[in-house]
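> Here is a sequence with its predicted model. Questions after.
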Amino acid sequence: MRIGIVTGGGDCPGLNAVIRGAVLHGEETYGQSFIGYRGGWRGTAVGDVVPLTRQDVRGISKLGGTILGTSRTNPWEFGGEDAVRAVMREHRIDAILAIGGDGTLAVARRLHDAGIHVIGVPKTVDNDLNATDMTFGFDTAVSIATEAMDRLRTTGDSHARCMVAEVMGRHAGWIALHSGMAAGAHAILIPERRTGMDELAGWVQSARDRGRAPLVVVAEGFVFDGDETAHSTKGNDAFGRPRLGGIGERVAALIEQRTGIETRATLLGHIQRGGVPTAFDRVLATRFGMRAIDLVSAQAWGRMVALHGTDVDDVDLDEALGDSKRVSEARYLEAAQLFG
Ligand code: F6P
C-alpha cells in the first residue's frame, strides 16, 4: 500500500516524530511506501508531493515544526475531492494520513465521507481535543512557558514589579493552567473563567503585601468579566477565526492603573510552538504515527488515533470533532486556592 502524509493547521512540536514513526513502522512491518504532501491540504489537491522514505525521515524526531510544511487551507479551495482523487491516482496513493487539529480533521472527515481512505492523527498545542487524553506538543509548550515564567520571576523580583505572561490557548486554558501552576503564578486567567479587575487586583496586592513580585498568567482567549469577546485587534485567520494575542498588555495596564504597582507584559506567542519537542512529546507522537499505520493496514478508514490513559487506541473521526476539552471548574478552583 502507498500512503500520503499531510500536516495541516498550525504547526506543533512532535509532527516530525509522527511522520518518522509512521514511515519506519509502515516500511518495516507492512512493506508500505510513502509520499509527503507539501504545505497542508493544498498539496493534496494540487499534487505538491515529495518522496518520504526511511532515508528522508532520518533523525527528524527531535526537529520542531514539520518537514512537509503546513497551511490553513482546505482542498475545496483547489478543486475538492475530485482534485484529491486525481492526485492520488497520479501518484498511486491508496490512503491519506492526516495530522492536524479540528480544522484538518474536519477536512479529513469530509474526504472520508466522499469515499477517500483517510486516517487521522490529532494535533493541538492547546490540548483541547476531548477524544484524546493528551496531544503531543502540549508538554513542550508548557515546558517552554514555564521556563519563560521562571525567568520573568527573577527580573520581576529584582525590580519589585508585577509580571504578566501571555500564553496560547484560544478556547481552553490548559497551557496557562499547567505552566502557571508549575511556575507558582499568583493568578491564572483562562478562557473558561471570566474574572473581574477587583478579584485580580486582590490577588496581585496580596502577593505584593507578602513581599513577592506578582506573576500573572493569562491565556490569549481570556475574556474579562463584562467583555463580550476575547481581545483581538489583528483581523481573522485563514479559517475566519479572530486572530488573538495582546490581552497581556491590557491586563498589565489595568493592574498598574488599579494597584500602582509597576507592571510589564510578555507575550510568549509562537515561541511556545517552535523548537525541540520534549521526550514525552516525541514518544507520544511516535506512538501515534505507528498506531495510525496499524489502522491503515487494518483499513479502519475514518478513524483517528487517541491516547486513553497510557494506551494508544482509536476513535471515530466524528467523535474527534465533538466537544472540545475545557478546563473544568474543579481544576480551576484547585489552582485558584493558591492564587494571591
Ligand atoms: O490553535 C493553536 C493556536 O496555537 C492558538 O492557540 C492560536 O490562537 C493560534 O494557533 C495561532 O496560530 P497562527 O498564528 O499560526 O495562525
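That came through, no problem. Remember, it's a predicted structure, so these values are computed and weren't measured experimentally. Numbers count the residues shown, from 1 in each chain.
> I figured Ala131 hits Ala306, correct?
Yes: Ala131 is in contact with Ala306 according to C-beta atoms under 8 Å; the separation is 5.2 Å. (Glycine included, C-beta is placed from N, CA and C.)
> Would you map the strands across this protein?
Using DSSP state E, the strands of the chain run over residues 2-7, 33-37, 49-52, 95-100, 118-122, 162-167, 187-189, 215-219, 263-267, 303-308, 311-316.
> Could I get these in JSON lines, plus columns for distance to the ligand, mean pLDDT and mean neighbour count?
Below are these laid out as JSON lines (distance: least, C-beta to the nearest ligand atom, whole Å; pLDDT from 0 to 100; neighbours: other C-beta atoms under 10 Å):
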{"stretch": "strand 2-7", "distance to the ligand": "13", "mean pLDDT": "98", "mean neighbour count": "25"}
{"stretch": "strand 33-37", "distance to the ligand": "19", "mean pLDDT": "98", "mean neighbour count": "23"}
{"stretch": "strand 49-52", "distance to the ligand": "22", "mean pLDDT": "98", "mean neighbour count": "17"}
{"stretch": "strand 95-100", "distance to the ligand": "10", "mean pLDDT": "98", "mean neighbour count": "28"}
{"stretch": "strand 118-122", "distance to the ligand": "12", "mean pLDDT": "98", "mean neighbour count": "29"}
{"stretch": "strand 162-167", "distance to the ligand": "9", "mean pLDDT": "98", "mean neighbour count": "29"}
{"stretch": "strand 187-189", "distance to the ligand": "15", "mean pLDDT": "98", "mean neighbour count": "28"}
{"stretch": "strand 215-219", "distance to the ligand": "8", "mean pLDDT": "98", "mean neighbour count": "29"}
{"stretch": "strand 263-267", "distance to the ligand": "12", "mean pLDDT": "98", "mean neighbour count": "20"}
{"stretch": "strand 303-308", "distance to the ligand": "17", "mean pLDDT": "98", "mean neighbour count": "22"}
{"stretch": "strand 311-316", "distance to the ligand": "20", "mean pLDDT": "97", "mean neighbour count": "16"}
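> Quickly list what's touching both of Ala131 and Ala306.
Both Ala131 and Ala306 are contacted by Pro122, Val315, Ala320, under the criterion C-beta atoms under 8 Å, 6 or more residues apart in numbering.
> Quick check: the residue of the stretch 1-150 of the chain nearest the ligand.
Nearest residue of the stretch 1-150 of the chain to the ligand (C-beta to the nearest ligand atom) works out as Gly10 at 4.1 Å.
> for the stretch 51-200 of the chain, same thing?
For the stretch 51-200 of the chain, C-beta to the nearest ligand atom, closest residue to the ligand: Met168, 3.6 Å.
> Send me stretch 74-91 as CSV with only the CA atoms.
The C-alpha coordinates for stretch 74-91 follow below in CSV (Å, rounded to 0.1, in the frame of the first residue of the first chain):
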residue,chain,number,x,y,z
ASN,A,74,-8.6,23.1,2.5
PRO,A,75,-8.8,21.1,-0.7
TRP,A,76,-12.1,22.7,-1.7
GLU,A,77,-10.2,25.9,-2.5
PHE,A,78,-8.3,23.8,-5.1
GLY,A,79,-10.9,21.5,-6.7
GLY,A,80,-12.1,19.4,-3.7
GLU,A,81,-12.3,15.7,-3.6
ASP,A,82,-12.1,15.3,-7.4
ALA,A,83,-8.7,17.0,-7.4
VAL,A,84,-7.6,15.0,-4.3
ARG,A,85,-8.6,11.7,-6.1
ALA,A,86,-6.8,12.7,-9.3
VAL,A,87,-3.6,13.4,-7.4
MET,A,88,-3.9,10.1,-5.6
ARG,A,89,-4.4,8.3,-8.9
GLU,A,90,-1.4,10.0,-10.5
HIS,A,91,0.9,9.1,-7.6
